[in-house]
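Visitor: Pasting the sequence and the predicted model now:
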Amino acid sequence: MILIVIVVAALLCVIIPTRLGFFKFGKIILGSIFKKPATLMYPVVPREWEERTRGSVAIDGPNCIGCGLCAGACPTDAIEVDKAEGKWKIQRMLCVQCSACVDSCPKKCLTMENMYTLPNVVKVVDEYDIPAKGAKKAAAGVAPAEADGDLTCADTCVFCGLCAKACPADAITVDRKEKSWKVDTEACIKCGACIDKCPKKSLSFGGAAPAAEAAAPAKKSVASLDEEKCVYCAACANECGAEAITVEGTEWKLDEEKCIGCEACVGVCPAEAISMKEA
Amino acid sequence: MGKRTIVPFGPQHPVLPEPLHLDLVLEDETVVDVIPSIGYIHRGLEKLCETKDYNQMVYVIERICGICSFGHGWGASAAIEGAMGVEIPERAEYLRTILHELSRVHSHLLWLGLMADAFGFESLFNHCWRVRETVLDLFEKNTGGRVIFSICKPGGMRKDISNENLKEMVEVLNGLKAEIKEITDVFINDASVKNRMTGVGVLTKEEAVELCAVGPTVRGSGVAQDLRLAGDHGVYHELGFEPVVEEAGDCMARTIVRIRELLQSIELIEKAVAKIPDGPVDCKVPKTVDGEFATRLEQPRGEAFYYAKGAGSKFLKRMRVRTPTNINIPALVKMLGGSDLADVPILALTIDPCISCTER
Amino acid sequence: MERHTAQQNFEAVNLSNLISKVSDLKADGYRLVQICGVVLDDDTYEILYSFDKDHIMQNLRLDIAIDKDEVESITGIFWPAFIYENEIHDLFGVKFNHSALDYNGTFFKVSEETPWKPKK
């Protein structure tokens, strides 16, 4: 009886592997016996994140200006910005970690953390404090009413169009030829990106143009020509809002006094011959 | 003629992670007719283009499916770029090609695992997925996501991938080659696997063309149809791409097509990384979309169709995605006719069905 | 092989010559890529038929009046078209006549009838 069992078992040991192709797979199986497990002893061994791992959105509250661009960019409407109350809310269950909000933030106060939010039995809405409406300016000694005013441009404007380029909400239109500057006050989110960018410091909220000392930038940069590349097409001279560039024949001249460092000539040059340097 | 019985297959079935329903009309053990039925997870994502702007739409389209998510992101971006008339920088095309081929590697490894699982070879399934895990780690390192990458945008890529990281990617993939060959050798040469797949579910060349099948399903039947040949998107024309074609038309042929594509994709990535130019990865795009564009992309599962129609604002009038599984269902119905009931799960898997893609 | 943008070939058809156009394409060796419905305005749908031959796409545009026009099914020429025709029927409420495989509105399980039809 025992003998029969042994014979049958031995036969099975030979037939089954050959039939099932055990020997094809045998090397992998035998190899696996001596290898460490492919899995991680989670949570005893913590997971290591990559630098780019998208886990959860974090906000640097004090730097937020409550512009709401993140809420507009969010494909799932997970973010709500309440500027009056000074709250920035995110529904963690709705967030899909696409990081569209992080890309849209004009103040770079949103970041993508590696770690995901921990599991929970309720749908969490996280609230963060951000400066409430007018609070920042009030603290700085400016009357809130002034700080809340619409964006205005003083007549020192040279229509370089850098503000329009910087605007994350596309609220500004500048026509260099017509010498006109317009702001769509409905679209303006008052982030102040244009004010930071303006080379003439002509922009302000509520017409309270900053004092003259603010108009002097720390370092002035002016256009500089790479003569080897220049084709002397005079496109830069036509584009220059400050009329600082003159091109005659094969002579390119820049009036550094007039140059406002708006970089408009850099953008228009077909030969990419113009760059910016410190004056 | 035996008595006819109707056996419902799905929507919940161990072999299908997603709800596909087939009414199988049986005579004894043989399937004589099949009525497919879908629509259990229709989410109407295409309709969202009315309330989400075109940038957000790319994130939405990407989330149609977790396996071909990169391809969907690329397809949607390409359709929107086409409607705008924007041409993206060369480096972005290269990066898209590399990531798309990498997702083909991950998709085919996932499918091989599922296939092994369907015919009951559990340890083979685990080994396929173990190898796939390395590919997912590569994705996490380079894009930030393991499954949903969110790196494509209209106008190029949201992030650049450094040349060092790309070289490391090639090294890791070359290291995987030996393991992949070892595992796929089991699929091709193992006696039990052969018995289960050779000569099962034959789709002839004529039938495949007649039923408008796409992807590995049609290439397994001897038709050299591959959208990468068209040269509409990506840089395949610079990499010397040749489609993988098998003649037999059975389950085994479709499996071998995918196995060969797996190794081919790794080679394509290697060639692309060697040739990738430096430069910007995105370009400026208009704020509004006007005009329309219809385009296609070769996804791991086959040809996917994308159509974007602008409404002259930042919203689209229509964003249409037609996925490979959608058009492979008629081919599946044909394959099932005359097959054994026991082979139905394997045949259903052999088109690599993705029902969330199909219904969007 | 040169890099090029996908060719955009759109051709308008109408209800009367749809079937003959599709038959011609089939005879030329084209295969069906997809059919999709587009809402043009409150009264008009556009149905876009896409075909492919040697990786070049040919699209046919068919404009129909919502609730008025009925479309002849092309399932007699391309059988796989039943997937798209049933989908368009269930989501947009377009009626296709003489379909080879008509699900009569049960292809998609939708909670309300014709959810993508413009609400008036």
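Guide: Yes, it's here. Numbers count the residues shown, from 1 in each chain, chains lettered A, B, ... in the order given.
Visitor: Pull the contacting residues for the residue lying closest to A:Cys236 once chain neighbours are set aside.
Guide: In space, A:Cys236 comes closest to A:Cys265 once its chain neighbours are excluded; the distance is 3.7 Å by CB to CB, 6 or more residues apart in numbering or on different chains. Just so you know, the C-beta spots here come from the backbone N, C-alpha and C atoms, and that holds for glycine as well. A:Cys265 makes contact with A:Ala223, A:Cys236, A:Glu239, A:Cys240, A:Ile245, A:Ile274, according to CB atoms under 8 Å, 6 or more residues apart in numbering or on different chains.
Visitor: And those residues, which is closest to A:Ser104?
Guide: A:Glu239 (29.4 Å; CB to CB).
Visitor: Tell me the spacing between the nearest residue to that closest one once chain neighbours are set aside and chain C.
Guide: Leaving aside its chain neighbours, A:Glu239 sits nearest to A:Val268 (4.3 Å; criterion: CB to CB, 6+ apart). Distance of A:Val268 to chain C, given as CB to the nearest CB, to the nearest Å: 27 Å.
Visitor: and A:Val268, what is it in contact with?
Guide: Applying CB under 8 Å, 6+ apart, the residues contacting A:Val268 are A:Ala235, A:Cys236, A:Glu239.
Visitor: and the stretch 151-300 of chain B, which residues reach chain A?
Guide: Contact residues, the stretch 151-300 of chain B versus chain A (CB under 8 Å from any CB of the partner chain): B:Arg158, B:Lys159, B:Glu182, B:Ile183, B:Asp185, B:Val186, B:Asn189, B:Asp190, B:Ala191, B:Ser192, B:Val193, B:Lys287.
Visitor: Mind checking which of the residues you listed land in helices?
Guide: Secondary structure defined by DSSP state H assigns B:Glu182, B:Ile183, B:Asp185, B:Val186, B:Asn189, B:Ala191, B:Ser192, B:Val193 of these to helices.
Visitor: Just after the helix or strand encompassing the residue nearest to A:Cys236, pick out the following helix or strand.
Guide: Assessed by DSSP states H and E, A:Cys265 sits inside helix A:264-268. Next helix or strand after helix A:264-268 toward the C-terminus (DSSP H and E): strand A:274-278.
Visitor: In PDB, please show the C-alpha coordinates belonging to the helix holding A:Cys265.
Guide: What follows is helix A:264-268 as a C-alpha-only set of coordinates in PDB (Å, rounded to 0.1, in the frame of the first residue of the first chain):
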ATOM      1  CA  ALA A 264      10.200  94.100 -25.300                       C
ATOM      2  CA  CYS A 265      13.100  94.300 -27.800                       C
ATOM      3  CA  VAL A 266      14.300  90.900 -26.600                       C
ATOM      4  CA  GLY A 267      11.000  89.300 -27.500                       C
ATOM      5  CA  VAL A 268      10.700  90.900 -30.900                       C
END
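Visitor: Could you give the average pLDDT over that helix?
Guide: On average, the pLDDT along helix A:264-268 is 74.
Visitor: and A:Lys89, that one's in a strand?
Guide: Yes: with DSSP: H, G, I helix; E, B strand; the rest coil as the criterion, A:Lys89 is located in a strand.
Visitor: Need the three-state assignment for the closest residue to it other than its chain neighbours.
Guide: Distance criterion CB to CB, 6+ apart; nearest residue to A:Lys89, sequence neighbours excluded, is A:Glu80 at 4.5 Å. With three-state DSSP as the basis, A:Glu80 sits in strand.
Visitor: A:Glu80 touches A:Ala71, doesn't it?
Guide: Yes: with contact defined as CB atoms under 8 Å, A:Glu80 counts as touching A:Ala71 (6.1 Å).
Visitor: When these two are compared, which one has more neighbours?
Guide: Shown here are A:Glu80 and A:Ala71; by other CB atoms under 10 Å in any protein chain shown, A:Ala71 has more neighbours (19 against 16).
Visitor: just checking, the more buried one touches A:Lys87?
Guide: No: applying CB under 8 Å, one finds A:Ala71 not in contact with A:Lys87, separated by 11.9 Å.
Visitor: what residues are shared contacts of those two?
Guide: Taking CB under 8 Å, 6+ apart as the contact rule, A:Ala71 and A:Lys87 both touch A:Val81.
Visitor: and the worst-scoring helix or strand of chain C on mean pLDDT, how far from the chain's centre?
Guide: Each helix and strand of chain C was given a mean pLDDT (mean pLDDT, DSSP states H and E); the minimum falls on strand C:10-13 at a mean of 82. Centre-to-centre, strand C:10-13 and its host chain are 12 Å apart (CA atoms, centre = their mean, to the nearest Å).
Visitor: What pairs with that strand, parallel or antiparallel?
Guide: strand C:56-65 (parallel) (DSSP bridges).
Visitor: what comes up buried for the helix or strand following the partner strand?
Guide: Next helix or strand after strand C:56-65 toward the C-terminus (DSSP H and E): strand C:70-72. Neighbour-count burial for strand C:70-72, counted by 16 or more other CB atoms under 10 Å in any protein chain shown, picks out C:Val71.
Visitor: What are the contacting residues of strand C:70-72?
Guide: So strand C:70-72 is in contact with C:Leu15, C:Leu18, C:Ile19, C:Ile47, C:Leu62, C:Ile64, C:Val94, C:Lys95, C:Phe96, C:Asn97, C:His98, going by CB under 8 Å, 6+ apart.
Visitor: For PyMOL, what selects the buried ones among the residues you listed?
Guide: Restricted to buried positions by 16+ other CB under 10 Å, the PyMOL selection for these reads:
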select buried, chain C and resi 18+19+47+62+64+94+96
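Visitor: Just the ones of the contacts of strand C:70-72 in strands?
Guide: Mapping these onto strands (DSSP state E) picks out C:Ile47, C:Leu62, C:Ile64, C:Lys95, C:Phe96, C:Asn97.
Visitor: ok so, going back, the residue nearest to A:Cys236 and chain C, how far apart?
Guide: Applying CB to the nearest CB to A:Cys265 and chain C gives a distance of 32 Å.
Visitor: And for A:Gly249?
Guide: Taking CB to the nearest CB, one finds A:Gly249 at 41 Å from chain C.
Visitor: Once you drop chain neighbours, what's closest to that residue?
Guide: Leaving aside its chain neighbours, A:Gly249 sits nearest to A:Tyr232 (7.0 Å; criterion: CB to CB, 6+ apart).
Visitor: and B:Pro286, what is it in contact with?
Guide: B:Pro286 touches B:Met84, B:Val86, counting by CB under 8 Å, 6+ apart.
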